[in-house]
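> Just a sequence and a predicted model for now, questions to come.
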Amino acid sequence: MASKTSIAVFLDMIKFEHTVFALPFAYIGMLLAARGWPGWWKFVWITIAMAAARTAAMSFNRFADRQFDARNPRTASRAIPQGHISARTALWVAVVSVVILAVAAWLLNPICLYLLPLAALFLLGYSYTKRFTWLSHWILGITDGIAAAGAWLAVRGTLDGPGFLLWFAVAVWIAGFDLLYACQDVEFDRREGLHSVPARFGVSAGFVWARINHALMVAALALTGLWAGLGWPYWAGLAVVAALLIYEHALVSPNDLSRLDLAFFNVNGYISLITLASVTLGLIVAAP
């Protein structure tokens, strides 16, 4: 049996605490699709599916990128390059997580199971996209957006209206802060032949595109609120989210990335949780 230390190292490797980014949007998709509480069965299995999906994606990402991580000073201290966890273990965890995800998809809705191979292609394949395209930021965003779309499908069995808008909102949100995060590795990416917007077009271009993506996120969330007929708490929450995005961009600049971790982790965690709270309250107020 793995020791607590080994478990802690593994959870740190996959940054399990960052599930807070996508999980609230899965719950948002669930709540909007059901127009309220869908029941404990859906809630529990959507949670399990999300945890399994993220564990599979991050474990496989660490496996796929292990050689790059070892050569990058910023990532050389990660578990696999340091020998704390073997590459084989990370790969096996990814495989087991996909199996758990398949079980959850089967129990949630047949359409989720039918579409699982496509979802798995994104979950595992996005790790390789930086090797051949600077569109990798948006592929990562689309992958994370599956959380919201998948939860919607789990409840309704079809994807329409706000479900698509939520997927788009998560996609451009994730792409936006991944663009900022990639600014740290410009020189390394260019040296290794890896692709990103900052590496291809410069750090300033990365910032411009990040701002555009985050503006699109706010627009998509506004359209979602209109389409779903959410009450005033949702709009108050959306105003806070917009202010936090502005604050996030004020924390960093092309010439100063020193506060990037604060912008990337703390602020985005608040954004996802506030959006979930505002959707929940917006549904309650709008209920007949």
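On my side now, so go ahead. Only a predicted model underlies this, so the values are computations on that prediction, with no experimental measurement involved.
> can I have stretch 154-162 written out in PDB, keeping just the CAs?
Extracted C-alpha coordinates of stretch 154-162, given in PDB (Å, rounded to 0.1, in the frame of the first residue of the first chain):
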ATOM      1  CA  ALA A 154     -25.300  13.400 -18.300                       C
ATOM      2  CA  VAL A 155     -28.500  15.200 -17.200                       C
ATOM      3  CA  ARG A 156     -30.200  15.800 -20.500                       C
ATOM      4  CA  GLY A 157     -28.800  13.400 -23.000                       C
ATOM      5  CA  THR A 158     -28.400  16.100 -25.600                       C
ATOM      6  CA  LEU A 159     -26.200  19.200 -25.900                       C
ATOM      7  CA  ASP A 160     -27.800  22.500 -26.800                       C
ATOM      8  CA  GLY A 161     -28.100  26.200 -25.900                       C
ATOM      9  CA  PRO A 162     -26.400  27.000 -22.700                       C
END
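> ok, and what's touching that stretch?
29-30, 32-34, 38, 42, 45-46, 49, 105, 108-112, 149, 152-153, 163, 167, 224, 227-228 (CB atoms under 8 Å, 6 or more residues apart in numbering). All C-beta spots, glycine's among them, are computed from the backbone N, C-alpha and C.
> From the residues you listed, list the buried ones, please.
Using 16 or more other CB atoms under 10 Å as the burial test, these include 29-30, 32-34, 38, 42, 45-46, 49, 105, 108-109, 111-112, 149, 152-153, 163, 167, 224, 228 as buried.
> I figured Phe122 was touching Gly145, is that so?
No: counting by CB atoms under 8 Å, Phe122 sits too far from Gly145 to count as a contact (9.4 Å).
> Those two - which one has more neighbours?
Gly145 (26 against 18; other CB atoms under 10 Å).
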